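Engineer: from the sequence below, what's the structure:
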Amino acid sequence: MKNIIIMGSTGSIGTQAIDVIDAHRDKFCLAAVAAYSNWQLAARQIRDYKIPLACMIDPGASAKLQQTVGPECTVFTGSEGLLQLIDEADAHMLLTSLVGAAGIEPTLHAIAQGLDIALANKETLVAAGELVMTEAHRHHVHILPVDSEHGAIFQCLDGRRPEEIDRLLITASGGPHFHRPITDFPHITVEQCLKHPTWNMGSKITIDSATMFNKGLEVIEAHWLFNMPFNHIEVVIQPQSIIHSMVQFIDSSVVGQLGMPDMRLPIQYAFTYPYRMNVRGAQPIDWKTLGTLEFLAPDNQKFPSLPLAYEAGKIGGTLPCVLNGANEIAVYAFLRKEISFTRIFDIVRTVMEKHTVCHDLTVESIRSADAWARRCAVSLL
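Structural biologist: This next block holds a predicted model:
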């Protein structure tokens, strides 16, 4: 029995992870859940799975949850509550699917406690990859990727020697605007962005897919996860989202991981690694009707997010953290319809240009850079 903490239990990844646990109650147990403010759904999860510990980051939601679930579940509050939750839970693994930089400190805290990490929070490795991977090695903790792209690369690399690897090929759907003329970009609406062609995700991640900042963040994440230089990581547009990513080896052969778009597959593999089990309701590929698989180059003129991410990753230090923080502020401003779609790129670029990079990475320097980037981005709104 593997006891799992889910941080972000009410979001898209969290609810699909609970589907996986529900299908294999003889293998997994929910040790604790955490979320931002959706106390109603968290209360249902607590009751359905008899969860003893929970945390709500929003204090008002925390009070409502505790009142609803009563004494059978202890409810912690705020960012400090996330750390208390990890200390108190009887767990083997933390699935971190909190949105944004909120996942960094709980992940580091769980690593220090010896918990394996199922990582569905890109920002943790984008902002603090050097720290996280160093601590994971020090505490002999596994970092198991849940993103479909990194989960695919992880599977393709299994058992391969590092010297055999030539490059990582991260696939992207291209989002809803890949074929839209660049002249239309200033007029793209929130509603158009939220209509993703293949994936069902939360609003922030869906906007990141529309701007392709998600792919830029994934490049930085892949650098740290797989110890791969940036000039050996490429992005390939694969609109059907059937090939989740690929690895090219030094003999020029390529190994890819394929499957229908279903986030429960990489979630469950992170939970069961190195073994595989049935995924309830998963659809196999119908090769007779699959049709054409397309491969296209990314358009850096339409989507300057990719070169900005490569620049931040190569310079390193606090610059990837600043890119991430500025992007979060800009995305939520776009969702509130305060800025245009193209202004997201402008804000991130300007904040990066204004930043004085610090290469002495600590939790404090990362926290300071993140706060600075958010203040700077807000000032530009």
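Engineer: tell me, how many residues neighbour Lys314?
Structural biologist: 14 (other C-beta atoms under 10 Å). Using the backbone N, CA and C atoms, a C-beta is placed for each residue, glycine as well.
Engineer: now do the SS call for it.
Structural biologist: Using DSSP: H, G, I helix; E, B strand; the rest coil, the secondary structure recorded for Lys314 is helix.
Engineer: now do it against Leu308, distance only.
Structural biologist: According to C-beta to C-beta, to the nearest Å, Lys314 and Leu308 sit 11 Å apart.
Engineer: Phe271 now?
Structural biologist: 34 Å.
Engineer: what's the closest non-adjacent residue to Thr74?
Structural biologist: Leu53 (5.4 Å; C-beta to C-beta, 6 or more residues apart in numbering).
Engineer: doesn't Leu30 make contact with the one you found?
Structural biologist: No: counting by C-beta atoms under 8 Å, Leu53 does not reach Leu30; the two are 9.7 Å apart.
Engineer: would you mark the buried spots in stretch 35-49?
Structural biologist: 35-39, 42-43, 45-46, 49 (16 or more other C-beta atoms under 10 Å).
Engineer: quick one: residues contacting Val132.
Structural biologist: Going by C-beta atoms under 8 Å, 6 or more residues apart in numbering, Val132 touches 104, 107-108, 111, 124-125, 143, 224.
Engineer: domain map for this structure?
Structural biologist: Annotated domains of the chain cover 2-145, 150-260+286-310, 316-381 [automatic domain parsing].
Engineer: and these: which comes nearest Asn278?
Structural biologist: Of all the domains of the chain, it is domain 2-145 that lies closest to Asn278, at 8.0 Å by C-beta to C-beta.
Engineer: what sits against Phe303?
Structural biologist: 211-212.
Engineer: and Ile5, what element?
Structural biologist: strand 2-7 (DSSP states H and E).
Engineer: need the per-residue pLDDT for Trp199.
Structural biologist: On the pLDDT scale, Trp199 is placed at 58.
Engineer: show me the shaky parts of the stretch 51-200 of the chain.
Structural biologist: 196-200 (pLDDT under 70).
Engineer: need the helices for it, in chain order.
Structural biologist: Secondary structure of the stretch 51-200 of the chain (DSSP state H, counting those that start in this stretch): helices located at 59-69, 78-88, 104-112, 122-138, 148-157, 190-193.
Engineer: ranking these by burial, who's on top?
Structural biologist: Here the criterion is mean neighbour count by mean count of other C-beta atoms under 10 Å, and of the helices of the stretch 51-200 of the chain the winner is helix 148-157, at a mean of 24.
Engineer: and that helix with helix 122-138, angle?
Structural biologist: Relative orientation of helix 148-157 and helix 122-138, computed by axes from the mean of the first three to the mean of the last three C-alpha atoms, to 10 degrees: 30 degrees.
Engineer: for helix 148-157, name the packing helices and strands.
Structural biologist: strand 143-145, strand 165-172, helix 213-226, strand 243-249, strand 254-258, helix 264-272 (3 or more C-beta pairs under 8 Å, 6 or more residues apart in numbering; DSSP states H and E).
Engineer: what lines up beside the shortest one in the sheet?
Structural biologist: In the sheet, strand 143-145 lines up against strand 116-119 (parallel) (DSSP bridges).
Engineer: residues making contact with the strand it pairs with?
Structural biologist: 4, 17, 92-96, 107, 110-111, 125, 136, 141-147, 150, 267, 270-271.
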